[in-house]
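1. Next come a sequence and a model predicted from it.
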Amino acid sequence: MAARVLVTGGAGYIGSFCARALTAAGYEVVVADDLSSGHPEAVDCRLVELDLRDRAGLGRLLGEGFDGVVHLAGLISVGESFEAPGRYVDVNVRGSLSLLDAMREHGVDCLVFSSTCALYAPSDEALDEDVALAPLSPYAETKLLIERAIELVRRQGLRAYCLRYFNAAGAAADASLGEAHAPETHLIPIAIERASRGQPLVVFGDDYPTPDGTCVRDYVHVLDLAEAHVRAMERLLAGAPGEALNLGTGRGASVREIAALVSRCLGRELAVELGPRRLGDQPSLVARATRASRSLDWTPRWGLEDIVASACAWHRAPRYGPGRGAA
Ligand code: UDP
């Protein structure tokens with residue numbers, strides 16, 4: 001019988017790719033999502049509308065019998081987290097604690113958790129998992145609190161991978177799944193949107209200590225991220241204890257480089273306008289992902305050109321728009 005996996009936040013951007021990849025790998029997948037920002041159209045399997053803070057509802061669902069959970073549900077906007085830190089603690093931390101409690105009650109001991117490279121203290125070097133943790137935003141702080149809770153619950157038999165994503169980007173090759181946030185805050189979709197409208201991209205600061213002064217990020221294809229989740233779940237179900245792993249490519253690109261790539265991909269001019277720095281931004285976040293490569297036998301298959309090309313194709317013909325919670 002196929003192992004059953006619950007994907008929380010499976011109607012969201014990364015979650016929908018994970019649910020699809022797990023299904024393709026032979027798992028029976030159920031998605032739980034509160035649909036505050038997710039897209040029912042992005043879910044090909046059974047979808048249960050559920051807020052993780054609804055402990056009773058979660059208990060009923062997990063009581064159906066699951067072998068593992070991939071947990072991506074949560075609020076993701078760094079900027080918003082400065083304005084409403086309490087809400088981030090409530091949704092992200094309380095939701096995750098409710099999930100851990102329900103998993104314990106129902107004997108589900110395999111967890112893949114969606115974490116972030118924003119946990120790391122600023123560094124000029126590529127980041128491995130041993131760099132000091134010093135989140136700069138309430139959003140990242142909630143992810144760290146959840147990682148810590150997971151570490152404690154290991155003592156009760158939980159096995160877990162905390163996957164620290166670098167910058168997820170890109171869309172399905174056939175443009176059947178892609179990124180549709182509202183409001184959109186991520187660089188690649190914003191740059192595509194601006195170029196398509198003939199508007200300038202506002203660059204948030206160009207006086208960072210980086211080669212061209214703009215922030216450097218490690219963009220990793222969402223298809224590669226999804227594959228890492230499948231491998232992590234496989235290993236947990238085979239008895240691996242799990243660990244914290246970086247998911248990135250090891251290659252950094254600056255905001256200006258992304259603007260140039262988008263412009264080339266669309267064959268349209270993209271003017272760049274200087275704006276102020278954005279609160280909570282780190283100058284450079286590039287992964288050293290050798291541990292993930294060793295532990296999960298995972299190497300990203302897609303490069304930056306593929307990411308931008310797939311995101312451009314999705315932008316031309318998105319299958320769904322902003323979710324119910326759209327501003
Ligand atoms: N960025 C920018 N203009 C925008 C959106 C983003 O200059 O309109 C920059 C942002 O400051 C960061 C980088 O692009 O340095 C990537 O931002 P994104 O929000 O995509 O990801 P983050 O690294 O913040 O998770």
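-> The structure has been received and is ready for your questions.
2. so where's the chain shaky on pLDDT?
-> 323-327 (pLDDT under 70).
3. Residues of it that sit close to the ligand?
-> Within reach of the ligand by Cβ under 6 Å from any ligand atom, the chain has these residues: 78, 167, 185-187, 190, 202-204, 215, 217, 255, 278, 281. Placement of C-beta: from N, CA and C, glycine included.
4. what two of those residues are the furthest from one another?
-> Using Cβ to Cβ, the pair of these lying farthest apart is 167 and 202, separated by 17.9 Å.
5. need the contact list for residue 229.
-> Contacts for residue 229 (Cβ atoms under 8 Å, 6 or more residues apart in numbering) come out as 18, 21-22, 70, 112, 163.
6. Which of the residues of the chain next to the ligand fall within strands?
-> Using DSSP state E, 167, 202-204, 217 are the members of the residues of the chain next to the ligand that sit in strands.
7. Could you tell me which of those residues count as buried?
-> Among those, the ones that count as buried by 16 or more other Cβ atoms under 10 Å are 167, 203-204, 217.
8. nearest to residue 126, of those?
-> Among those, residue 217 lies closest to residue 126 (Cβ to Cβ), at 12.3 Å.
9. Export the ones in strands among the residues of the chain next to the ligand to a markdown table and append columns for distance to residue 289.
-> What follows is these, written out as a markdown table (distance: Cβ to Cβ, whole Å):
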| residue | distance to residue 289 |
| --- | --- |
| 167 | 13 |
| 202 | 30 |
| 203 | 27 |
| 204 | 25 |
| 217 | 14 |
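10. Near the closest residue in space to residue 158 that isn't next to it in sequence, how many other residues are there?
-> Leaving aside its sequence neighbours, residue 158 sits nearest to residue 109 (Cβ to Cβ, 6 or more residues apart in numbering; 5.4 Å). Using other Cβ atoms under 10 Å, residue 109 is surrounded by 19 other residues.
11. for residue 109, what are its contacts?
-> 103, 157-159.
12. ok, now with 10 Å
-> 67-69, 103, 153-154, 156-160, 236-237 (Cβ atoms under 10 Å, 6 or more residues apart in numbering).
13. What distance do you get for it to residue 56?
-> 21 Å (Cβ to Cβ, to the nearest Å).
14. ok and the residue in the stretch 1-150 of the chain nearest the ligand?
-> Residue of the stretch 1-150 of the chain nearest the ligand, by Cβ to the nearest ligand atom: residue 78 (5.8 Å).
15. What degree of burial does that residue show, as a neighbour count?
-> When neighbours are counted by other Cβ under 10 Å, residue 78 registers 20.
16. Hmm, it is touching residue 85, no?
-> No - using Cβ atoms under 10 Å, residue 78 makes no contact with residue 85, being 11.4 Å away.
17. between the two, what contacts are shared?
-> Joint contacts of residue 78 and residue 85 (Cβ under 10 Å, 6+ apart) are 137-139.
18. Show the buried residues in the residues you listed.
-> Taking 16+ other Cβ under 10 Å as the criterion, what is buried in the shared contacts of residue 78 and residue 85 is 137-139.
19. Among those, which are located in helices?
-> Among those, DSSP state H puts 138-139 in helices.
20. just the buried ones among the shared contacts of residue 78 and residue 85 now: which is nearest residue 14?
-> Nearest to residue 14 among these is residue 139, at 14.9 Å by Cβ to Cβ.
21. Skip the chain neighbours and tell me the closest residue to the closest one.
-> Of all residues not flanking residue 139 in the chain, residue 81 sits nearest, at 3.7 Å (Cβ to Cβ, 6+ apart).
22. and that neighbour, that's in a helix?
-> Yes - secondary structure assignment (DSSP: H, G, I helix; E, B strand; the rest coil) places residue 81 inside a helix.
23. show me what contacts it?
-> Shown in contact with residue 81 (Cβ under 10 Å, 6+ apart): 75, 87-89, 92, 137-142, 279-280.
24. And the helices in this structure, which stretches?
-> Per DSSP H, the chain carries helices over the ranges 13-24, 55-62, 78-83, 85-88, 95-105, 138-153, 187-197, 222-237, 255-266, 290-296, 304-316.
25. would a markdown table of the ones you listed with distance to residue 244 be doable?
-> Shown next, in a markdown table, are these (distance: least, Cβ to Cβ, whole Å):
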| stretch | distance to residue 244 |
| --- | --- |
| helix 13-24 | 17 |
| helix 55-62 | 24 |
| helix 78-83 | 20 |
| helix 85-88 | 21 |
| helix 95-105 | 15 |
| helix 138-153 | 7 |
| helix 187-197 | 25 |
| helix 222-237 | 11 |
| helix 255-266 | 27 |
| helix 290-296 | 8 |
| helix 304-316 | 24 |
